[in-house]
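Enquirer: The following comprises the amino acid sequence and a computationally predicted model.
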Amino acid sequence: MTETKYTSLSGRVRLTKNYQSLLLLACVVIFVVLFSVFTLSGASTGSSAAQVTAPKSLYAETGPYVCEHHYTAKILVHEPLVMRIDNFLSYREADHIVELARPRFQRSPVASSNGDSVHEARTSSTAFLGKSHDDVIACVEERASMLTSFPVNHIESLQVVHYAKGQRYLPHYDYFAKSDPEAYKKYTANGGQRVITIFGYLNEISSNPPEEWIAEKEKEGANITELIAKGTGGHTFFPELKLSVYPKKGSAVLFFDMNGKGEEDPMTLHGGMPPEWGEKFGLNVWIRQREIV
C-alpha cells in the first residue's frame, strides 16, 4: 500500500486548475500515486508531518473550535482509486455532526426517475445538513475541497447516515446510472455527475458484543467465537474489489466514481454492511463535475 501524508502548514497546493476537466482529474490520480508526500493548507499552526498520529493528539478537543486539517491518505486500490483517509475528522467534529443530525433523521431515500423514495435495499436513516451549516460543517467542506482539489461549490449538502443493528444498504453505485435516462437527466441537471465519494466514519462499534447479543446467538445455536472473529460488521464492502473498509472513528474512505475517461466506473459497486451489534454513524461527502447552484 502507498501512504501519502498531509499536514497543516501555510500556503495551499492545488493539484489541478481546471476542475471541470476529467482528463486533469485523471492526472490528479497519477499525481497522488507517484508522489508520496505533499502538503496541503489549513490553519497556520506550524505543524510538521511528524505530528500526524492519532486524532485526539492533532485536534483541540476543548476550547474554541479552530478549523485545522491533519490527515494521512493510504491507497488501498489503484484502479479504481480507493483511499483510506485517517484523521479526516476529529473526534470533536464527528461527535458534533452526529448531534446535529439526531433530530433530523428520516428513513434513507434511494434516487429513481420518480424522485427520492424509500426502498428495502436501503434500511438506514438519513439527515441532510445545509451547506456551511456552521463552522464545523464549513471546515469539513473546505477539507474535502483541499483533499480533492474541487471547489466547495461542487460539494453536495453533507448527508449523515445512521445504521442501527441489522440495517444495511445493499451494493449500489453512488453515480447516477445512464441506464435510467430519466433519473440520470434529473439528478445531473445541477452539478453534473458525481465524480468522488468520501464516506467518513463518525463512531466505532465496540469489539465486545453485548450480553444480550451473545444470549440471542447462543439460543440460535451459533458458534459465538467464530461470529466474533468475523468482526462487528458495519463496514463498507466493495464486492468487485473484494475489499472491506471497517469503521474507525474520524477516518474516511475515498473513491473515484468515474474513471480518467470520464466514464462511470462499475468497479466502485459498494454496500453498507449491517452492524452485528451496536450502531454506526457515517458522513457522505459527494463531489460533482460542475458547480451546484
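Expert: Yep, it's here.

Enquirer: okay, CA-based contacts and neighbour counts for the rest of this
Expert: OK.

Enquirer: Stretch 270-279 - what's its average pLDDT?
Expert: For stretch 270-279, mean pLDDT rounds to 90.

Enquirer: For it, measure first residue to last.
Expert: End-to-end distance of stretch 270-279: 19 Å, with Cα to Cα, to the nearest Å as the criterion.

Enquirer: now do stretch 76-90
Expert: Terminal-residue distance, stretch 76-90 (Cα to Cα): 22 Å.

Enquirer: where does Lys280 fall, phi/psi-wise?
Expert: phi -130, psi 140 (degrees, to the nearest 10).

Enquirer: for Arg194, same thing?
Expert: When read as degrees, to the nearest 10, the backbone of Arg194 gives phi -70, psi 130.

Enquirer: what's the neighbour count on the closest residue to it other than its chain neighbours?
Expert: Distances taken as Cα to Cα, 6 or more residues apart in numbering put Arg288 closest to Arg194, at 4.4 Å, once the chain neighbours are dropped. Using other Cα atoms under 10 Å, Arg288 is surrounded by 24 other residues.

Enquirer: just the helices in the stretch 151-293 of the chain please.
Expert: 181-188, 211-219, 224-229 (DSSP state H, counting those that start in this stretch).

Enquirer: Deepest-packed of these, please.
Expert: helix 181-188 (a mean of 16; mean count of other Cα atoms under 10 Å).

Enquirer: and Gly192, how many neighbours?
Expert: Around Gly192 there are 20 residues (other Cα under 10 Å).

Enquirer: One more: the one 3 residues further on?
Expert: Close neighbours of Val195, defined as other Cα under 10 Å, add up to 24.

Enquirer: which residues sit in contact with it?
Expert: Tyr175, Phe256, Asp257, Met258, Trp286, Ile287, Arg288, Gln289 (Cα atoms under 8 Å, 6 or more residues apart in numbering).

Enquirer: how about those in TSV, adding distance to Tyr184 and pLDDT?
Expert: Shown next, in TSV, are these (distance: Cα to Cα, whole Å; pLDDT from 0 to 100):
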residue	distance to Tyr184	pLDDT
Tyr175	9	95
Phe256	18	96
Asp257	15	96
Met258	15	93
Trp286	16	97
Ile287	16	98
Arg288	13	97
Gln289	14	95
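
Enquirer: Report the residue spans of the stretch 151-293 of the chain with pLDDT below the cut-off.
Expert: 229-231 (pLDDT under 70).

Enquirer: hang on, the earlier thing: report the separation between the residue nearest to Arg194 and Asp180.
Expert: Relative to Asp180, Arg288 is positioned 19 Å away (Cα to Cα).

Enquirer: same deal with Ile198?
Expert: Ile198 sits at a distance of 24 Å from Asp180 (criterion: Cα to Cα).

Enquirer: for Tyr59, same thing?
Expert: 44 Å.

Enquirer: returning to what we had before: put together CSV for the helices of the stretch 151-293 of the chain, with distance to Arg92 on each row.
Expert: Shown next, in CSV, are those (distance: least, Cα to Cα, whole Å):
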stretch, distance to Arg92
helix 181-188, 33
helix 211-219, 29
helix 224-229, 29
